[in-house]
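K.L.:
dropping the sequence and predicted coords here.
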Amino acid sequence: MQRIRWGYLLLALSLPDAWAQQATTPAQPSLVDLKTVPAAQSQPPQPSEKNHVRACPGRFEFHPELDGIYKVGNGVEWPKPTHEVDAVFSDEARQMIKKAHLKAFGAVSLVSLVVDASGNPQDLCVMKAAGFGLDEQAIMAAEQFRFKPATKDGSPVAVRISIEMNFKLH
């Protein structure tokens, strides 16, 4: 029992030396080095160079009394899709997948749009970019959607909604 206590004591006394030696090894940067290295900021995927897609503003302002565009809720009912179109993979994405030898791939492009009082999509923009030309494909698909318009007090009104376009390859 006494040998075990001495073992723990020796181990406890030797650990600070091991930590001190480990801190001086060149493989591990010191705190001073970490402060001087600028942090890399992650960049959102860039739209394809061929077609530029309009990015959405950080926040939408809703002023229905000025522009006639409502937000769903508070008596405004959702528009119902009557015709949906699936987005297809872009050539740029297919080339990237082939070049990277990927067996599975997934990406999401979030498209914001205004469904007008006739049920047609207007003012499309990308809220979350997928990159690799997929955002252009998402916009082209969303432009073909048709809706039963949103209603407020039984009358059709324009509303801003978002559509999630999923791209998956298994």
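P.N.:
Noted; the coordinates are in hand. Residues are numbered from 1 along each chain as shown.
K.L.:
so what strands line up beside the longest strand seen in the chain?
P.N.:
Identified as the longest strand of the chain according to DSSP state E is strand 155-169. Here strand 155-169 is paired, per DSSP bridges, with strand 69-70 (parallel), strand 105-115 (antiparallel), strand 150-152 (antiparallel).
K.L.:
quick one: contacts of the first one?
P.N.:
Applying CB atoms under 8 Å, 6 or more residues apart in numbering, the external contacts of strand 69-70 come out as 62-64, 76, 114, 150, 152, 157-160. (C-beta placed from N, C-alpha, C; glycine too.)
K.L.:
what subset of the residues you listed is buried?
P.N.:
If you count burial by 16 or more other CB atoms under 10 Å, the buried members of the contacts of strand 69-70 come out as 76, 114, 150, 152, 157-160.
K.L.:
can you tell me the element Met140 falls in?
P.N.:
helix 134-143 (DSSP states H and E).
K.L.:
what's that helix packed up against?
P.N.:
strand 105-115, strand 121-128, strand 155-169 (3 or more CB pairs under 8 Å, 6 or more residues apart in numbering; DSSP states H and E).
K.L.:
could I get the shortest one in CSV with only the CA atoms?
P.N.:
This points to strand 121-128. The C-alpha trace of strand 121-128 is given here as CSV (Å, rounded to 0.1, in the frame of the first residue of the first chain):
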residue,chain,number,x,y,z
PRO,A,121,-42.5,34.0,-57.9
GLN,A,122,-40.9,37.5,-57.9
ASP,A,123,-37.7,39.1,-56.5
LEU,A,124,-35.7,35.9,-56.1
CYS,A,125,-32.4,36.0,-54.1
VAL,A,126,-30.1,33.4,-52.4
MET,A,127,-30.1,33.4,-48.6
LYS,A,128,-27.7,30.5,-48.2
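K.L.:
what comes up buried for it?
P.N.:
121, 124-128.
K.L.:
next one: the last one
P.N.:
Counting neighbours by 16+ other CB under 10 Å, one finds that the buried residues in strand 155-169 are 156-161, 163, 165, 167.
K.L.:
quick one, domains of the protein?
P.N.:
2-36, 64-169 (automatic domain parsing).
K.L.:
what's the pLDDT at Leu169?
P.N.:
Note on Leu169: pLDDT of 84.
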